[in-house]
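**Q** predicted model and sequence below, questions to follow.
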Amino acid sequence: MTDEELDALEETIPELAVKALNAAQQRAEASGHDIVVVVGNELVRIGPGGTTVLKTLPEQPRMTEMTKRATS
């Protein structure tokens, strides 16, 4: 496999991860389970009984640009 082919495959990972997480969330909700997500700077539990803020998280600096790490 060439470096270009490997790079192209690696670029699909974030999209696949988002799809997998969304599918897992839908399955959990459909079966009546609570889910825990980060909304803004809060850790929130969402379930059939409603929404509960579990914890307020410290502000995190936002990354404005993705950088690729060099490998040796």
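**A** Happy to help now that I have it. Here the structure is a predicted model, which is why all the values come from computation and not from measurement. Numbering: from 1, shown residues only.
**Q** can you spell out which helices and strands pack onto the longest helix belonging to the chain?
**A** Scanning the chain for the helix with the most residues, using DSSP state H, yields helix 13-30. Helices and strands touching helix 13-30, by 3 or more Cβ pairs under 8 Å, 6 or more residues apart in numbering; DSSP states H and E, are strand 35-39. For every residue, glycine as well, the C-beta is placed using N, CA and C.
**Q** and residue 22, how far is that from residue 44?
**A** Remark: distance between residue 22 and residue 44 (Cβ to Cβ, to the nearest Å) = 17 Å.
**Q** more crowded one of these two?
**A** Taking other Cβ atoms under 10 Å, residue 22 and residue 44 do not tie; residue 44 has more neighbours (15 against 10).
**Q** got phi/psi on the more buried one?
**A** Here is the backbone geometry of residue 44 (degrees, to the nearest 10): phi -130, psi 140.
**Q** going forward, count from 21.
**A** With the count now opening at 21, the last piece we talked about shows up as residue 64.
**Q** list the contacts of it.
**A** For residue 64, the contact set (Cβ atoms under 8 Å, 6 or more residues apart in numbering) comprises 56-58, 71-74.
**Q** just residue 76 next, same as before
**A** 61-63 are the contacts of residue 76 under Cβ under 8 Å, 6+ apart.
**Q** out of those residues, which are inside strands?
**A** 62-63 (DSSP state E).
**Q** possible to save the contacts of residue 76 as JSON lines with pLDDT?
**A** As requested, these are exported to JSON lines (pLDDT from 0 to 100):
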{"residue": "61", "pLDDT": "92"}
{"residue": "62", "pLDDT": "96"}
{"residue": "63", "pLDDT": "97"}
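**Q** so can I have TSV of the contacts of residue 76 showing neighbour count?
**A** TSV is the format used below for the contacts of residue 76 (neighbours: other Cβ atoms under 10 Å):
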residue	neighbour count
61	11
62	13
63	14
